[in-house]
Each structure stands twice: as structure tokens, then as C-alpha cells.
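> Pasted the sequence and its predicted model underneath.
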Amino acid sequence: MIHYDEQLDRVFFYTTDFANTAAIREKEFGGLSLEVEMMREGAPEEAEMRLGGWIFSLIELIGVKKIGFTDYQAEAAEASADFISELEKQAAIGNHEARYHLFMEFHRKAMSEGSMDHLSRAENLLQASASQGYSEAISVLGDWSTLKGAAMRRIARLKAEALASIAPPPSPPTPQTL
């Protein structure tokens, strides 16, 4: 597990059994997983650099305080697009776990971008994954009405903020004559 403490400006690494992170993974969206086989495709140095780049880009993506070694925002966007593309391929051939992880990505995008289309896509993916018996999807589906309601409120708030930011400024008061 990786933790970036912005106040201390330190990155902490914790090792634990995967099962110990279940509660965290249920509550957090947008995790990252890498196929080990994909990492083996190149030289070991490439894999090390790729993994390090993904870690820093993930920290940069979610952190308020930026590390600033490179344009991790752009790299994070590219890595996210690659990750989603791979999930799309796997979901298209019926992989229920990929559908679930794609659901998490679209839910996160719906919340961050204020997109009802992304939320609808997330819901469809969650239902498809749950209907295939994927236990994590089944568990989240039980709470979906609450999650969806929160997402819809956030989307509405983001849309209202966007409209308010483009609204013309109030007119100055007109001078009154006596």
C-alpha cells in the first residue's frame, strides 16, 4: 500500500496481504492494477521505470500538493486512458472483473467530470458484472442507490458551479437622482 503524506512530503510504503485491503478497496474508487506479464515484456529497467512512473502519476493525480518531477498530470491521463482501454477490451469479451473495474473508472469520472453519461455507463457495467456473479460488484450493487444518489447530487452541484462561473457579473447600481 502506498501513502503520500503531503504535510511531511514523504511517500510511505506498507506491505500487507491483499485481503487486508478489502475494506479500503470497497470504499475507494480508481485503484490501479498492472498485469505482471505486461511488465515482463520489456527489459527489467523498463518495468522498474514504468512502475515508478505509474506510482508517481497516481500520487500526482490524487494529491493536492504536486511532486513536480515531470508532467505527471499528462502521464496520469495517458496511463488512465491506457488502463481504461485495456479494461474495455477485457469487458468486451465478458470479463466480469474488468467490467467491475471499468465501473469504478466511470463512476470516478462521473464524479470528477460531472457526467451523467459516465454515471449511466458505470451503472450498466456494475449491473453486468453483478449479474455474472462477481462478488465485489454484488456487494456494491447493494449500496448502489446511495452511491448513485451521492453522485447525482455532486454532478448537479458541479453543473450549477459551472453555470455560475459563466453567468454575467451583476450590473453595478445605477446612480439615483434626487
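Done, it's in. All values reported here derive from a predicted model rather than from experimental measurement.

> How confident was the prediction at Leu126?
pLDDT, Leu126: 96.

> how near is Ala22 to Ala47?
Going from Ala22 to Ala47 by C-beta to C-beta, to the nearest Å gives 27 Å. Every C-beta, even on glycine, is put in place using the N, C-alpha and C of the backbone.

> and the two? which has more neighbours close in?
Using other C-beta atoms under 10 Å as the criterion, Ala22 and Ala47 rank with Ala47 on top: 16 against 12.

> In the helix or strand containing that one, which residues are buried?
Per DSSP states H and E, Ala47 falls inside helix 44-62. By neighbour count with 16 or more other C-beta atoms under 10 Å, helix 44-62 contains the buried residues 47, 50, 53-54, 56-61.

> Could you name the helices and strands sitting against it?
Contacts defined by 3 or more C-beta pairs under 8 Å, 6 or more residues apart in numbering; DSSP states H and E place helix 44-62 against strand 2-5, helix 36-40, helix 72-92.

> would you turn those into JSON lines with mean pLDDT and distance to Tyr134?
JSON lines is the format used below for those (pLDDT from 0 to 100; distance: least, C-beta to C-beta, whole Å):
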{"stretch": "strand 2-5", "mean pLDDT": "82", "distance to Tyr134": "25"}
{"stretch": "helix 36-40", "mean pLDDT": "78", "distance to Tyr134": "21"}
{"stretch": "helix 72-92", "mean pLDDT": "84", "distance to Tyr134": "12"}
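
> quick one: which of those is nearest Lys65?
Distance to Lys65, taken as C-beta to C-beta, is lowest for strand 2-5 among the helices and strands packed on helix 44-62, at 8.3 Å.

> Tell me how this protein divides into domains.
Domain assignment for the chain by automatic domain parsing gives 1-91, 94-160.

> tell me how far the ends of the last one are from each other?
The separation between the terminal residues of domain 94-160, taken as C-alpha to C-alpha, to the nearest Å, is 38 Å.
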